[in-house]
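*Asks:* Sequence first, predicted model second:
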Amino acid sequence: MNFSGRIRKGKYSHTKRIIPLIQRKSNTKSSFFQGTIDYKNVVLLRKFITAEGKILPRRLSGLTAKQQRHMARAIKNSRMVGLLPFINKSEPGKNF
């Protein structure tokens, strides 16, 4: 059997694996996030949705996993109450 993730002993045991380094963005985006996440704070919630009304992913928003879960729940609650739209139609002439 040949497993792709294993290092074979013997002839090629002296070679090292090459692990690619992934450049991470600095946490400058999360520095402007301060305060509590609340569904009534529409100004804060609008920073974490796109122009179409989609929730920004964690890698773009710069939030921690816990903050992202709370942010998604707050955005969804705000949509249900009617403070945020479900979708933003960018062009009024198009019917989706």
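*Replies:* Sure, I can see it. Numbering: from 1, shown residues only.

*Asks:* now the helix or strand harbouring N77: mean pLDDT?
*Replies:* Here N77, judged by DSSP states H and E, is contained in helix 65-81. For helix 65-81, mean pLDDT rounds to 93.

*Asks:* so what secondary structure elements neighbour it?
*Replies:* With contacts taken as 3 or more Cβ pairs under 8 Å, 6 or more residues apart in numbering; DSSP states H and E, helix 65-81 sits against helix 42-46, helix 58-61. Quick note: C-beta positions are derived from backbone N, CA and C, even for glycine.

*Asks:* tell me which strands and helices the shortest one is in contact with?
*Replies:* Going back to what we said before, that points to helix 58-61. Partner elements for helix 58-61 (3+ Cβ pairs under 8 Å, 6+ apart): helix 65-81.

*Asks:* Show me which residues of the helix it packs on are buried.
*Replies:* By neighbour count on 16 or more other Cβ atoms under 10 Å, the buried set for helix 65-81 is 67-68, 71-72, 74-75, 78-79.

*Asks:* ditto for stretch 44-51
*Replies:* For stretch 44-51, burial by neighbour count (16+ other Cβ under 10 Å) applies to 44-45, 48-49.

*Asks:* In JSON lines: those, plus pLDDT and distance to L63.
*Replies:* Below are the buried residues of stretch 44-51 laid out as JSON lines (pLDDT from 0 to 100; distance: Cβ to Cβ, whole Å):
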{"residue": "L44", "pLDDT": "90", "distance to L63": "12"}
{"residue": "L45", "pLDDT": "92", "distance to L63": "12"}
{"residue": "F48", "pLDDT": "92", "distance to L63": "8"}
{"residue": "I49", "pLDDT": "92", "distance to L63": "13"}
